[in-house]
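*Asks:* task: produce atomic coordinates for the following.
(one chain, ligands or ions: 1)
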Amino acid sequence: MSTLLDRPFLKMNGLGNEILVLDLRAGGGPVTADEAMALARDRDTRFDQLMALHPGRGGADAFMRIYNADGSEVSACGNGTRCVAWALMRESGRREALLETAAGPLVCSAGDAPDQITVDMGAPRFGWADIPLAEEFADTRAIELQVGPIDAPLIHSPSVANVGNPHAIFWVDDLNVVDLRRVGPMLENHPIFPERANISLAKVTSKSALTLKVWERGAGLTLACGTAACAAAVSAARTRRTGRDVVVTLPGGPLRIVWRESDDHILMTGPATLEHEGVIRADMLPVAA
Ligand SMILES: N[C@H](CCC[C@H](N)C(=O)O)C(=O)O
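*Replies:* Residues are numbered from 1 along each chain as shown. Below you'll find the predicted structure:
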């Protein structure tokens, strides 16, 4: 029998990025890949990412493990973190929350508007091995990625960043210059990304604004991706395309990203929306093998 049975969950979203918050602080877990994939498909619990909450350590409100819809476990999810922070603040009545993850601590605080949450996503990393990028490509100056016979202008020379997870940002003048549904999986699984990567098309619209379309590792096209917004914002600032305080507009809506000068931390601010609550039922879980 699954240890997830009867555990409470919140079905939420962050700008339409489907999030399932599963509370395992009273027990249960870890979530298996099969359980994650089954819950991702269920009508009541369907998600792009599952945020599993385990008992916190060292003053943290919870230790958080993150799973994509394909069952892969990952180390960061910006939209999901805002949703978890909203839930923890609703529970505690406090205006801040501290989460522990495999990628380190996440300090969360209530924003000015009721549903706005700010998360300190930490500092980005840009080194070849930090992303990570495969050694055999290390002699490539600009990473010119050819993804086979695409009929649109070749996508090349992406900006790459790790913001707790790997991202490749491709700068375009038109977000529809290529079909991301077709090219996204080719790039996600390109051998240059030994841990795969989240793939974004980014268009600079002013010195303080970007628009973004994202093919997410392990989840596909989503309405929003918080970590992609962070990766695009720091890459835009680093390449002098914008300043360090930008609004990143995704298909699901806007996020404000500030790349703080004093410590290089990325502050992401955006909404968290509760859709419904429930408990895990046996029919949502994979039939025991
Ligand atoms: N697909 C991402 C995880 C979720 C990122 C996204 N949902 C976000 O809001 O940051 C990855 O595999 O690294």
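
*Asks:* when you work out contacts or count neighbours from here on, use the C-alpha atoms and nothing else.
*Replies:* Will do.

*Asks:* so where do the helices sit in this protein?
*Replies:* 33-41, 78-92, 180-188, 226-238 (DSSP state H).

*Asks:* contacts only, for residue 41.
*Replies:* Taking CA atoms under 8 Å, 6 or more residues apart in numbering as the criterion, residue 41 is in contact with residue 47.

*Asks:* residues near the residue of the stretch 1-150 of the chain at minimum distance from the ligand, how many?
*Replies:* Residue nearest to the ligand within the stretch 1-150 of the chain: residue 77 (3.4 Å; CA to the nearest ligand atom). Per other CA atoms under 10 Å, the neighbour tally for residue 77 reads 24.

*Asks:* now the helix or strand of the chain with the lowest mean pLDDT: buried residues?
*Replies:* When each helix and strand of the chain is scored by mean pLDDT, DSSP states H and E, helix 180-188 comes last, with a mean of 91. For helix 180-188, the buried set under the neighbour-count rule, 16 or more other CA atoms under 10 Å, comprises 180, 183, 184, 185, 187, 188.

*Asks:* quick one: is that helix near the ligand?
*Replies:* No: Helix 180-188 stays clear of the ligand (CA under 6 Å from any ligand atom), getting no nearer than 9.7 Å.

*Asks:* quick one, strands of the stretch 151-289 of the chain?
*Replies:* Shown for the stretch 151-289 of the chain, the strands assigned by DSSP state E, counting those that start in this stretch span residues 159-162, 166-171, 198-206, 209-216, 220-221, 245-250, 253-259, 266-271, 273-279.

*Asks:* turn those strands into a markdown table, columns for mean pLDDT, mean neighbour count and distance to residue 135.
*Replies:* Shown next, in a markdown table, are the strands of the stretch 151-289 of the chain (pLDDT from 0 to 100; neighbours: other CA atoms under 10 Å; distance: least, CA to CA, whole Å):
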| stretch | mean pLDDT | mean neighbour count | distance to residue 135 |
| --- | --- | --- | --- |
| strand 159-162 | 94 | 25 | 15 |
| strand 166-171 | 94 | 25 | 15 |
| strand 198-206 | 96 | 23 | 19 |
| strand 209-216 | 98 | 24 | 23 |
| strand 220-221 | 98 | 20 | 26 |
| strand 245-250 | 98 | 22 | 32 |
| strand 253-259 | 98 | 22 | 29 |
| strand 266-271 | 98 | 23 | 28 |
| strand 273-279 | 98 | 15 | 41 |
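
*Asks:* got TSV for those, with distance to residue 104 too?
*Replies:* What follows is these, written out as TSV (distance: least, CA to CA, whole Å):
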stretch	distance to residue 104
strand 159-162	13
strand 166-171	15
strand 198-206	20
strand 209-216	21
strand 220-221	25
strand 245-250	23
strand 253-259	18
strand 266-271	14
strand 273-279	25
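
*Asks:* which stretch among these comes nearest the ligand?
*Replies:* strand 209-216 (4.4 Å).

*Asks:* how big is the angle separating that closest one from helix 226-238?
*Replies:* On the basis of axes from the mean of the first three to the mean of the last three CA atoms, to 10 degrees, strand 209-216 is oriented at 130 degrees to helix 226-238.
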